[in-house]
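Engineer: Make a model of this:
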Amino acid sequence: MAHSGVGEADPLAKKPDLCPCGSGISYEACCGRLHSGAAIAETPEQLMRSRYSAFALGNVQYLRATWAPETVPAELSLDPRQQWTRLRVLDAPAADGARGYVHFRAHFRYGAERDFLEELSRFELRAGKWLYVDGEIFD
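Structural biologist: The predicted structure follows:
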């Protein structure tokens with residue numbers, strides 16, 4: 001879900017009541033715990049949901065911290081005109097040891113355009129921490 005664009009939003013500037021990941025619970029009780037460092041993702045799906053919320057809130061620091069060092073982009077900026085509106089997890093099987101996958105569809109709005117990004121993301125557990133490695137984007 002990397003998107004090159006202009007500016008970086010302050011992740012502390014907008015804290016929603018409900019979590020952007022669609023869990024139906026408060027941001028603070030859900031992805032907010034991971035974004036603040038109070039907790040770490042226990043599953044690939046939990047990490048993917050927290051990364052979606054980080055994209056939605058403009059939290060570039062969290063995205064970089066949860067990206068595998070060998071695949072993290074040198075430059076990562078988010079376009080504030082792109083608004084992430086809904087997340088649908090299509091498949092999130094239990095991790096196979098230190099590897100996991102999540103298939104999702106992330107809906108967004110960019111001006112008058114509405115579209116979605118569908119991806120099969122790959123995660124690895126390294127030193128007790130799940131990291132996003134890469135993903136296959138579907139057209």
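
Engineer: I figured Asp91 hits Glu118, correct?
Structural biologist: No: Asp91 lies out of contact with Glu118 (CB atoms under 8 Å); the separation is 11.2 Å. All C-beta spots, glycine's among them, are computed from the backbone N, C-alpha and C.

Engineer: and these two? which has more neighbours close in?
Structural biologist: It is Glu118, of Asp91 and Glu118, that has more neighbours when counted by other CB atoms under 10 Å, with 16 against 10.

Engineer: quick check, the more buried one in a strand?
Structural biologist: Yes: assessed by DSSP: H, G, I helix; E, B strand; the rest coil, Glu118 belongs to a strand.

Engineer: Next up, the contacts around it.
Structural biologist: By CB atoms under 8 Å, 6 or more residues apart in numbering, the residues touching Glu118 are 90, 103-106, 137-138.

Engineer: so where is this structure shaky, pLDDT-wise?
Structural biologist: Scanning the chain for pLDDT under 70 picks out 1-14.

Engineer: hmm, back to that, anything in contact with each of Asp91 and Glu118?
Structural biologist: His103.

Engineer: Tell me which residue lies nearest the centroid of the chain.
Structural biologist: Centroid check for the chain by CA atoms, centre = their mean gives Arg51 as the closest residue, at 1.8 Å.

Engineer: For the host helix or strand of that residue, name the packing helices and strands.
Structural biologist: Take DSSP states H and E as the rule and Arg51 turns out to sit in helix 44-57. Secondary structure elements in contact with helix 44-57, counted by 3 or more CB pairs under 8 Å, 6 or more residues apart in numbering; DSSP states H and E, are helix 31-36, helix 60-65, strand 82-91, strand 99-110, strand 113-126, strand 129-138.
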